[in-house]
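S.K.: got a sequence here, can you build the structure:
(one chain, ligands or ions: 1)
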Amino acid sequence: MIPPRFDYFSPGTLPEAISLLQRHGDDAKILAGGHSLIPLMKLRFASPAVLIDINRIPDLAYLRESNGYLAIGALTRESDLDHSELIQTKYPILADTAAVIADPLVRNMATVGGNLAHGDPANDHPATMLAMDAEVVVLGPNGTRAIPVKNLFNGPLSTSLNSDEILTEIRIPIPPLHSGGAYLKIERKVGDFAAAAVAVQLTVGKGNICERIGIGLTNVGPTPIKAIRAEQLLRGQTINDQIIRQAAETASEEAQPSADQRGSVEYKRSLVRVLTTRALNRALQRAMGGKER
Ligand SMILES: Cc1cc2nc3c(=O)[nH]c(=O)nc-3n(C[C@H](O)[C@H](O)[C@H](O)COP(=O)(O)OP(=O)(O)OC[C@H]3O[C@@H](n4cnc5c(N)ncnc54)[C@H](O)[C@@H]3O)c2cc1C
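M.R.: Numbering: from 1, shown residues only. Down below sits the predicted model:
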């Protein structure tokens, strides 16, 4: 189908984009990679009267470490993560995540900022950002504010961004030594959204004590889910097979899946259990520099 008619603006600066958002209010939508918004418009599930394309605004695509954070510019493409040595060597959980998003053609256009701002519980970055305790920086008419990703998602396709705000940057605390992460996804076929997926980021101390843990779940609820009870169970404990089993069971209880074409509630809960077990083991192995426990 062809999208409904819309007006198109292509501002060259962020203040220009913000004033366009103010002028057009709820009638306007930001256009980034377009790979979520345009399909929705073609299906007539969204019909914004105005599109504000931010692709001409400079300096919104970058990956850099500064002030204790990995900063990711909102317009950074998934393929930038695929091709970044920094990401591939130091942030394997982000490399895992980008690699399972759609296909290379989509990844050439789709942006990390758009993946979060869209608020789709099926998208892959939200769970990873929840596991990594990330925050997003947003710019509005009154300046910038930071929103922890754990407070970003209100419901399906609904976020705490105001309609006159633009997500400009994602900030991830640089993990300390002996940290590791992993993102594991089950999809029906390559390029599909997850039947379920699990992100784990952890830091271990002496004797495999879990010093820091983050667990995020994809597409098993109305929003991306932070598995808080599973995290609490692991924090401060020696990581062994028994506690991994318990944490995986708890994460599967925290999931709120619905039955759909990707499977039954029971199947999705069992995927969360299996994927949490595997992601914890892989993250731990990475935290230990590739050594087996
Ligand atoms: C065939 C196909 C398969 C896909 N498979 C997957 C998959 O497996 N996993 C996955 O995670 N994703 C998948 N996607 C989605 C893809 O990754 C999206 O492109 C991405 O989720 C949204 O990013 P975008 O830059 O394209 O955003 P757009 O489509 O441009 O925008 C999406 C929404 O976010 C808003 N927005 C975008 N950027 C900003 C910003 N900086 N500030 C404020 N609001 C903003 C827009 O207004 C819009 O409402 C798939 C897409 C396609 C077409």
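
S.K.: show me what from this protein comes close to the ligand.
M.R.: Residues of the chain that fall close to the ligand, judged by C-beta under 6 Å from any ligand atom: 29-37, 39, 74, 101-102, 106, 110-111, 113-115, 117-118, 123-124, 161, 166-167, 191, 193. C-betas here are computed from N, CA, C, even on glycine.

S.K.: show me the residues you listed that map onto strands.
M.R.: Assigned to strands by DSSP state E, the following of the residues of the chain next to the ligand qualify: Lys29, Ile30, Leu31, Ile166, Leu167.

S.K.: off-centre distance for whichever strand or helix holds Gly181?
M.R.: Using DSSP states H and E, the element containing Gly181 is strand 179-187. For strand 179-187, the distance from its own C-alpha centre to the chain's C-alpha centre is 12 Å (C-alpha atoms, centre = their mean, to the nearest Å).

S.K.: after that strand, which helix or strand is next?
M.R.: Taking DSSP H and E, what comes next after strand 179-187 is strand 194-204.

S.K.: same list (the ones in strands among the residues of the chain next to the ligand) but as a markdown table, adding neighbour count and pLDDT.
M.R.: As requested, those are arranged in a markdown table below (neighbours: other C-beta atoms under 10 Å; pLDDT from 0 to 100):
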| residue | neighbour count | pLDDT |
| --- | --- | --- |
| Lys29 | 20 | 97 |
| Ile30 | 22 | 98 |
| Leu31 | 21 | 98 |
| Ile166 | 24 | 98 |
| Leu167 | 25 | 98 |
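
S.K.: picking up where we left off before, can I get the buried part of the residues of the chain next to the ligand as one ChimeraX selection?
M.R.: Here is the ChimeraX selection string for the buried members of those, based on 16 or more other C-beta atoms under 10 Å:
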select :29,30,31,32,33,34,35,36,37,74,101,102,106,110,111,113,114,115,117,118,123,124,161,166,167,193
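
S.K.: tell me the contacts of the residue of the stretch 101-250 of the chain found nearest the ligand?
M.R.: Closest to the ligand within the stretch 101-250 of the chain is Gly114: 2.4 Å, counting by C-beta to the nearest ligand atom. Shown in contact with Gly114 (C-beta atoms under 8 Å, 6 or more residues apart in numbering): Ala32, Gly33, His35, Ser36, Leu37, Ala74.

S.K.: you'd agree the last one is up against Ala32?
M.R.: Which is Ala74. Yes. Contact criterion C-beta atoms under 8 Å: Ala74 and Ala32 qualify, at 7.1 Å.

S.K.: so for those two, which residues contact both of them?
M.R.: With C-beta under 8 Å, 6+ apart as the test, Ala74 and Ala32 both reach Ile54, Thr111, Gly113, Gly114, Ala117.
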